[in-house]
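Student: sequence and predicted structure, then a few things I'm wondering about:
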Amino acid sequence: MKIIILGNGVSGITAARYIRKLSDHEITVISDEADYFFSRTALMYVFMGHMRRKDVQPYEDWFWDKNRIALLRDRVSHIDFEAKTLQTAHGKSIAYDKLILAVGSQSNKFGWPGQDLDGVHGLYRWQDLEAMERHSRGLNRAVIVGGGLIGIEMAEMFHSRHIPVTFLVRESSFWDIVLPPQESAMINRHINEHGIGLRLQTELKEILPGENGKCRAITTSTGETIPCGFVGLTAGVSPNVGFLKNTALDINRGILVNEYLETNQPDVYAIGDCAEIRQPQPGRRSIEAVWYTGRMMGETVAHTICRQATAYNPGIWFNSAKFFDIEYQVYGDIQPREPETRASLYWEHAEGKKSIRLAYDRHSGAVTGFNLMGIRYRHEVCEKWLHAGTQIEEVLPNLGLANFDPEFFPQHESELVAEYNRQTGKNLVVKRKRGLPAVLQFLNKQHSSS
Amino acid sequence: MQNESLSISVPSPAYTSAKQKIAIALAGIGILLVLVVWAAGRVVAPVPISLAALGFVLAGVLVFVREEYLKYPEGIKNNGAWFRGLTARGVWGWLLGVLITGFYVCLYWFPQYLAGLIQLFDPFSRLLRDRAADQWFVYGAFYTAAVLFMGIKFIYKYRHNPYQRLRTFSVMFFQLGFAFLIPGLLLRLQHPEIYFTYFWPLSYYQGTPMAYQGYSGSGLGTFFFFFGLAMFFIGTPILTYFFGKRWYCSWVCGCGGLAETAGDPFRHLSDKSLTAWKIERWMIHSILAFVVLMTALLWINVATGKSIFQEYSQLFYKMYSFAIGSVFSGVVGVGFYPLLGSRVWCRFGCPMAAWLGIWQKKKSKFRITVNGGQCISCGNCSTYCEMGIDVRAYAQKGQDVVRASCVGCGICSAVCPRGVLRLEGANSHPPAFLSRTL
């Protein structure tokens, strides 16, 4: 069987790797972006000089031949779903038995005047990084539009080169559509601490052209004009499906798929950022453009193709990021404003760079989410608690188990528990500390009882 | 823009503030003083000049640290590591490599060309050891200064990380105390010059009959001989079982101490390829086998009274001493820091590391665990692994890192932007997260 995968990001490559593990099918991965798979989330580190291009490629170049995964650097211009063939920009016609669309996202542009000028870029593709590099020399200022994960990465990138940055955020606080107010305020402070010009409740109005079609300055919704040689558009991403519009493929915002990641066309699947799930699981979005879901979809589709039809089950939500120097991890469901039925227990370190938040159901007491800033928690432990709907008063005494910070780092779980005791008049005490032996005992016990 | 590496395409010089330039100038004056004395072959006023040289370098380090780290919020400071000539095998890296290599060549084979430096440290040697300086004292002084000064820099670089602070304090303590002051004081007190933190087979001499005979007049020497053996046969397996080889390699050992401090700016230069790992495995174990064989031969000679092995075993010893003891551990091991990274000797050569590694791999609780499915395959862990371990290959699979070569420096865990790696000890593995996702 001949399997073609469009896109060599984490979704497509994970699919290819698992198909190879499970079968001897012929695999070809087509990418217009890069010869080899690289970690998209690591682009920033190349710009900052932490790593070279080859360092962000998780597999050595011989890996692909050895695993009989053919890589083709080309762009697909047309797909004939009836004849099961695709045409490439280089004039090739390729037949497939199964086609996996893993074509990723593109940066959003909301029709701003001047959004196509030279020096206006998003940050998603390798070519975006090259554009940033090209415009960085002698750059007077970069303006970044959109207060999300990519925006703050871009701010850190330019800042690392000592290029002044103005950061326009539409919301009243950084990423407050996801982060609760305290965590969001913590990141506001941290952005300012790094000397970034953070402009909250400020939107881009217009990008002004200079010489040779280059951007010269921007104007904001607050009436300010800011001279800048680069504008970063980081107001989210959306599925990269433009070249598939007006085909037989069923597309809404992304390529519509069922729980088996099947599109409406026979033997055609869509995974990763470009896939829109028709009926997502409760509490989940139909499009989740994150590394982890892309990886899980790649694994799932490989099983469906090589073994039996396997439904995509992303499990309990988790994610992570790093905002300059502050690491962020989330497990389960954390809302920027929890519904009335839920309580939210929060502790913040006096220095304002670490925090722990637990959300739990007011009635049942079941823990529903963990939100960590500057503190690492162990995925498996949090997941077990969330999965079992463990009571807050059972979690808190054992909370030390979840701590994943390195040795000799202070553990702050007792301070969170003290906050709980203060609020409730209870007298809980943290009984367990971090460490693998205790964790294994805990996980095994949980495992056998479930 | 079709460059393999963006580092090559960055034409602008790395950002350097005025105070950093002052810091570089201060350290530069100190180094210049040393170079002038080295070139001149003699020195007029050794006390003020040696103090000035060390003082200028220290002042430079302190000013630099203030500008580079303390001015900014605490966090990971690897900006520009692949852009700077010094740390990305550029002109300055090569020049520094040539300079250090040249010093080692003089040290081992042409000490007469170090006459000026020996004079420079002579008053200090008399003060500490009550005897004239030789090239080895000069070496020890430079070595200790490098560990202390660059250790201060490292502690400030990782000031947010208690594990790194403690570990670095530990290597500074062992270098200054056990590898410099105590051996010197022992000489002053008419004892053998004993380095309590170097055992056979890293110190290949220490397990030989020559060492045993050399120590025979001294109770302390005899004690150390058996202490070294006990550390090899009993101490190493037990300590490695509980803590991994890090109890030695990144907390105590002087070679490790230099690598972790002075070598830190070059840690990302280690080779991560599978080929390098294959070379590492046969090379380091061959050297361990060789040193065991060599030492056994020397003892068989003593036991059998100058047997047929005599000439070969002495030849073996001389070969080892030249090829491994001098060329590999010194000239290549340290001289090539700016080209091959800071742990080339520890990874490919050190027989002690091989021995520790066997125990770490086969019988140790030590492992680096992976935090569920949080890895984003970015590669920071692998890049900054001084031992060239492809940590990411494990992390992205959710698999514990159990590797003979891991020295437990903890930098992979520190640089991970997603909080995925943790050094710890237990007898079994957590269930692999990723295989549970389906």
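Tutor: Ah, there it is.
Student: for stretch B:171-190, measure first residue to last.
Tutor: 27 Å (C-alpha to C-alpha, to the nearest Å).
Student: could you chop chain B up by domain?
Tutor: Residue ranges for the domains of chain B, per automatic domain parsing: B:274-353, B:362-436.
Student: so which of those gets nearest A:Gln265?
Tutor: Closest of those to A:Gln265 is domain B:362-436, at 29.7 Å (criterion: C-beta to C-beta). Bear in mind the C-beta positions are built from the backbone N, C-alpha and C, glycine included.
Student: tell me how far that closest one lies from the chain's centre.
Tutor: 22 Å (C-alpha atoms, centre = their mean, to the nearest Å).
Student: what does the average pLDDT come to for that domain?
Tutor: For domain B:362-436, mean pLDDT rounds to 92.
Student: over to stretch A:29-42?
Tutor: Mean predicted lDDT for stretch A:29-42 stands at 97.
Student: ok, stretch B:347-355 next?
Tutor: On average, stretch B:347-355 scores 97.
Student: ok, residues contacting that stretch?
Tutor: B:199, B:201-202, B:204, B:232, B:236, B:245, B:248-249, B:253, B:255, B:270, B:279-280, B:283-285, B:287-288, B:290-292, B:324, B:328-329, B:333, B:346, B:387-388, B:404-405, B:407 (C-beta atoms under 8 Å, 6 or more residues apart in numbering or on different chains).
Student: show the contacting residues for residue 25.
Tutor: Going with chain A. A:1-3, A:19, A:305-306.
Student: please refer instead to chain B.
Tutor: Per C-beta under 8 Å, 6+ apart, neighbours of B:Ala25: B:Gly60.
Student: check A:Glu338 too.
Tutor: So A:Glu338 contacts A:180, A:344, A:359 (C-beta under 8 Å, 6+ apart).
Student: in which helix or strand would I find it?
Tutor: Assigned by DSSP states H and E, A:Glu338 belongs to no helix or strand.
Student: ok so, going back, okay, the domains of chain B, which one's buried deepest?
Tutor: domain B:362-436 (a mean of 23; mean count of other C-beta atoms under 10 Å in any protein chain shown).
Student: assign the closest residue to chain A within chain B to helix, strand or coil.
Tutor: Closest contact between chain B and chain A, by C-beta to the nearest C-beta, is at B:Gly372 (2.4 Å). For B:Gly372, the secondary structure call by DSSP: H, G, I helix; E, B strand; the rest coil comes out as coil.
Student: is it in contact with A:Arg378, as I believe?
Tutor: Yes. When contacts are counted by C-beta atoms under 8 Å, B:Gly372 is listed as touching A:Arg378 (7.1 Å).
Student: contact partners for residue 366?
Tutor: Defaulting to chain A. A:360, A:389-392.
Student: let's do chain B instead
Tutor: Here B:Phe366 is in contact with B:240, B:242-246, B:360, B:402, B:406, B:408, B:423-425 (C-beta under 8 Å, 6+ apart).
Student: burial measure for B:Ile22, as a count.
Tutor: Using other C-beta atoms under 10 Å in any protein chain shown, B:Ile22 has 15 other residues around it.
Student: and what about it, helix, strand or coil?
Tutor: From three-state DSSP, the assignment for B:Ile22 is helix.
Student: quick check, A:Cys215 in a helix?
Tutor: No. Going by three-state DSSP, the assignment for A:Cys215 is strand, not a helix.
Student: how much space separates it from B:Pro351?
Tutor: 61 Å (C-beta to C-beta, to the nearest Å).
Student: put the alpha carbons of the one helix or strand A:Ile187 maps to into PDB.
Tutor: For A:Ile187, the enclosing helix or strand under DSSP H and E is helix A:181-193. What follows is helix A:181-193, C-alpha atoms only, in PDB (Å, rounded to 0.1, in the frame of the first residue of the first chain):
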ATOM      1  CA  PRO A 181      -6.300  36.800  36.300                       C
ATOM      2  CA  GLN A 182      -3.500  36.200  38.800                       C
ATOM      3  CA  GLU A 183      -1.300  34.200  36.400                       C
ATOM      4  CA  SER A 184      -2.000  36.600  33.600                       C
ATOM      5  CA  ALA A 185      -1.000  39.500  35.800                       C
ATOM      6  CA  MET A 186       2.200  37.600  36.800                       C
ATOM      7  CA  ILE A 187       3.200  37.400  33.100                       C
ATOM      8  CA  ASN A 188       2.300  41.100  32.500                       C
ATOM      9  CA  ARG A 189       4.800  42.000  35.300                       C
ATOM     10  CA  HIS A 190       7.400  39.600  33.900                       C
ATOM     11  CA  ILE A 191       7.100  41.100  30.400                       C
ATOM     12  CA  ASN A 192       7.600  44.500  31.800                       C
ATOM     13  CA  GLU A 193      10.500  43.300  33.900                       C
END
